[in-house]
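Asker: structure for this input, please:
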Amino acid sequence: MSGARKCGSKKDKVREILPEHRYDHVAQTRPYAVSNVMEDLLDVAARSLVMEGRLVYIIPSMLDFDPKSDLPMHPCLQFVSSCYQPLSSQYGRRVVTMQKIGNYEVDKREEYMNACWLNGPESANKCANIREKLIELARADPNKQRKAAYRKKKRKARQAELKRAKLLAQEKTENGS
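Answerer: You can find the predicted model right below:
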């Protein structure tokens, strides 16, 4: 599993890309926390949707997740529904529908962003830390631990095999010269 990323440098001082390098330049990225992704999603939807337009999104969810208090909210959007789909006994995902009910005021953007999570960091962390919770669950499951150990052993054997093949190719090249 990999986390979300957004464009931008991790460094404080960013250097300009020279014109001759712009045609094949790949922009730097940095981590993008799930809680921030959700805040930005709701903000863009509140700005962009027509009145009574709908936003539908999928969000990872654990069993202890309460849609009424743990889902991100926005004053311009009204919660319509949430449908939970279990993926295992411990976690699943929710399909959430929201509808635009109010006009977006640009000068209130900061206020909107701060009001996104009803219970503040506690709610945001339920979304943001799901990856860590899944890893924790996997570590607690003995079957998953055995499978992970087997995959690790197989990966090391493959790496050793590739290393031997590379050494044989080098020897062959040196002896053939």
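
Asker: just the CA coordinates for stretch 104-111, please, in PDB.
Answerer: Written as PDB, here are the backbone C-alpha positions of stretch 104-111 (Å, rounded to 0.1, in the frame of the first residue of the first chain):
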ATOM      1  CA  TYR A 104     -19.500  29.000  -0.900                       C
ATOM      2  CA  GLU A 105     -17.900  32.200   0.500                       C
ATOM      3  CA  VAL A 106     -14.200  32.500  -0.500                       C
ATOM      4  CA  ASP A 107     -13.300  34.600   2.500                       C
ATOM      5  CA  LYS A 108     -14.500  31.800   4.800                       C
ATOM      6  CA  ARG A 109     -12.300  29.100   3.400                       C
ATOM      7  CA  GLU A 110     -10.100  28.900   6.500                       C
ATOM      8  CA  GLU A 111     -13.200  28.600   8.700                       C
END
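
Asker: what's that stretch in contact with?
Answerer: By Cβ atoms under 8 Å, 6 or more residues apart in numbering, the surrounding residues in contact with stretch 104-111 are D43, A46, R47, C76, Y112. Where C-beta positions appear, they are placed from N, C-alpha and C, glycine not excepted.

Asker: pull out the buried members of those.
Answerer: For these, a burial check counting by 16 or more other Cβ atoms under 10 Å picks out D43, A46, C76, Y112.

Asker: would CSV of the residues you listed with distance to P67 be doable?
Answerer: Formatted as CSV, the buried ones among the contacts of stretch 104-111 follow (distance: Cβ to Cβ, whole Å):
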residue, distance to P67
D43, 20
A46, 19
C76, 19
Y112, 20
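
Asker: turn the residues you listed into TSV, including secondary structure.
Answerer: Listed next are these as TSV, based on DSSP: H, G, I helix; E, B strand; the rest coil:
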residue	secondary structure
D43	helix
A46	helix
C76	coil
Y112	helix
